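Asks: mind looking at a prediction? Sequence and model below.
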Amino acid sequence: MPFNLPIFLTWLRILAIPLLIAIYYVPENWLSGHGRDFIATMLFCAAAATDWLDGYLARKLNQTSAFGAFLDPVADKLMVAAALIMLVQLGRVDAIIASIIIGREITISALREWMAQIGAHKSVAVSMIGKIKTTAQMLAIPLLLFMNPVAGINVMELGTWLIYIAAVLTLWSMGYYMRMAWPDILEQDRKR
C-alpha cells in the first residue's frame, strides 16, 4: 500500500468521521448545542477541503496511485453518509432524502466497479450533473450541521432547500449514469 501526502490527507478525512459523530455524544455540560454544531461544521468543511487538496497535491507532486484513486471516493462517500445519518438523527434531514443520496452512491459505485470489470468504465465517467449534485450536497451539509442563523440568513432553510435540490439531482444523475451504461448492460446479457 503506497503512502504519501495525498493519501495521508485522505486517511485524515476517514479518521474525521468518528470525530464528527462523537461531537454529538459529548455531554451537554461539556459542549453546548451551538458549540457542537460549530465544531461539526468546521470539521466537515476541513474534510471537504482536504478532498480538493489531496487531488491537487497528487497531481502537482506526481503522487497519483491506484490506491489513492480507490481510497479518495470511498472517503468522500463515507464522510457524506456519516454526516447525513447524523443529520437524520438530529431531525434536520428526512430519512428518505438521506436514503436517496446514500443509495445512489452505493448504486453508482457498484455500477462503476462492474463497468470497469467489463472494460467500459468510460461509460460512467463523472458528468457535469454529478458535479452539480456534489456541489449542492457539499454546501447543504455544513449549513444543516451549523443550523443557526447567520447575518439574518436562515441557514437551516437554505440548507434544506439545497439538500432537496441535491436529492433531485442525485436521482437525475443516477438516471443519466444508468442510461449511459445501459447499452453495455444489454451487451453483457447478450453474451450470456
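Replies: The structure has been received and is ready for your questions. Numbering: from 1, shown residues only.
Asks: only C-alpha atoms from now on, for both contacts and neighbour counts.
Replies: Will do.
Asks: packing partners for the strand or helix carrying residue 180?
Replies: In this assignment (DSSP states H and E), residue 180 forms part of helix 155-191. Contacts defined by 3 or more CA pairs under 8 Å, 6 or more residues apart in numbering; DSSP states H and E place helix 155-191 against helix 95-117, helix 128-146.
Asks: tell me the angle the shortest one makes with helix 95-117.
Replies: With axes from the mean of the first three to the mean of the last three CA atoms, to 10 degrees applied, the angle from helix 128-146 to helix 95-117 works out at 140 degrees.
Asks: what about the closest residue to residue 156 other than its chain neighbours, how many residues close to it?
Replies: What sits nearest to residue 156 in space, not counting adjacent residues and going by CA to CA, 6 or more residues apart in numbering, is residue 147, at 4.7 Å. Residues lying near residue 147 (other CA atoms under 10 Å) number 21.
Asks: who touches residue 147 in this structure?
Replies: Residue 147 is in contact with 37, 155-156, counting by CA atoms under 8 Å, 6 or more residues apart in numbering.
Asks: and this protein, what are its domains?
Replies: According to automatic domain parsing, the chain comprises the domains 1-91, 94-192.
Asks: now tabulate the ones you listed in TSV and tack on mean pLDDT.
Replies: Formatted as TSV, the domains of the chain follow (pLDDT from 0 to 100):
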stretch	mean pLDDT
domain 1-91	91
domain 94-192	87
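Asks: wait, residue 141 touches residue 166, no?
Replies: No. Counting by CA atoms under 8 Å, no contact exists between residue 141 and residue 166, whose distance comes to 10.2 Å.
Asks: and the helix holding residue 180, how far from the chain's centre?
Replies: Computed by CA atoms, centre = their mean, to the nearest Å, the separation of helix 155-191 from the middle of its chain amounts to 14 Å.
Asks: would you mark the buried spots in it?
Replies: Buried residues in helix 155-191, counted by 16 or more other CA atoms under 10 Å: 155-156, 159-160, 162-171, 173-174, 176-178, 181, 184-185.
Asks: same deal with stretch 111-118?
Replies: Neighbour count says stretch 111-118 has 111-112, 115 buried, by 16+ other CA under 10 Å.
Asks: out of these, the closest to residue 42 would be?
Replies: Nearest to residue 42, judged by CA to CA, of those is residue 112 at 31.3 Å.
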